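*Asks:* Provided below are the primary sequence and the corresponding predicted coordinates.
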Amino acid sequence: MCFRYNKSVAQLMIRWSVQMGYITIPKSSKKERVLENAAVFDWTISQEDIKILVSTIALSVLCLLLQVMFAMEI
């Protein structure tokens, strides 16, 4: 998806959070990254790609929870 939009992973996730209505405060000590992180307001992610991102994020959270549960032997 990053290649399709010609954006970094950070830009894609920041743009996703903006489109979802979340307050996003990206952080970086590098000037280049700060500028890159701010360049998310002149493009949008399609609704189809938003759905893919939401399902991917949900699946990642589920996998993380399962890993924690197995590690704790619940």
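*Replies:* Done, it's in.

*Asks:* list the contacts for the spatially most central residue of the chain?
*Replies:* To find the centre residue of the chain, average its C-alpha atoms and take the closest one (Cα atoms, centre = their mean): that gives Met13, at 2.4 Å. Listed by Cβ atoms under 8 Å, 6 or more residues apart in numbering, Met13 has no contact partners. Using the backbone N, CA and C atoms, a C-beta is placed for each residue, glycine as well.

*Asks:* and the longest helix along the chain, what does it pack against?
*Replies:* With DSSP state H setting the assignment, residue counts place helix 47-72 as the longest helix in the chain. In terms of contacts (3 or more Cβ pairs under 8 Å, 6 or more residues apart in numbering; DSSP states H and E), helix 47-72 is packed against helix 9-19.

*Asks:* what angle do the helix it packs on and helix 47-72 make?
*Replies:* In this structure, helix 9-19 runs at an angle of 110 degrees to helix 47-72, with axes from the mean of the first three to the mean of the last three Cα atoms, to 10 degrees as the basis.

*Asks:* need the next SSE after helix 9-19, C-terminal direction.
*Replies:* The first helix or strand that comes after helix 9-19 along the chain, using DSSP states H and E, is helix 31-38.

*Asks:* would you mark the buried spots in that next one?
*Replies:* In terms of neighbour count (16 or more other Cβ atoms under 10 Å), helix 31-38 has its buried residues at 36-37.

*Asks:* how far does the longest helix of the chain sit from its chain's centre?
*Replies:* Averaging C-alpha positions (Cα atoms, centre = their mean, to the nearest Å) puts helix 47-72 12 Å from its chain's average.

*Asks:* please apply the same query to stretch 34-54.
*Replies:* Relative to its parent chain, stretch 34-54 has a centroid offset of 8 Å by Cα atoms, centre = their mean.

*Asks:* go on, stretch 1-14?
*Replies:* How far stretch 1-14 lies from its chain's middle: 9 Å, per Cα atoms, centre = their mean.
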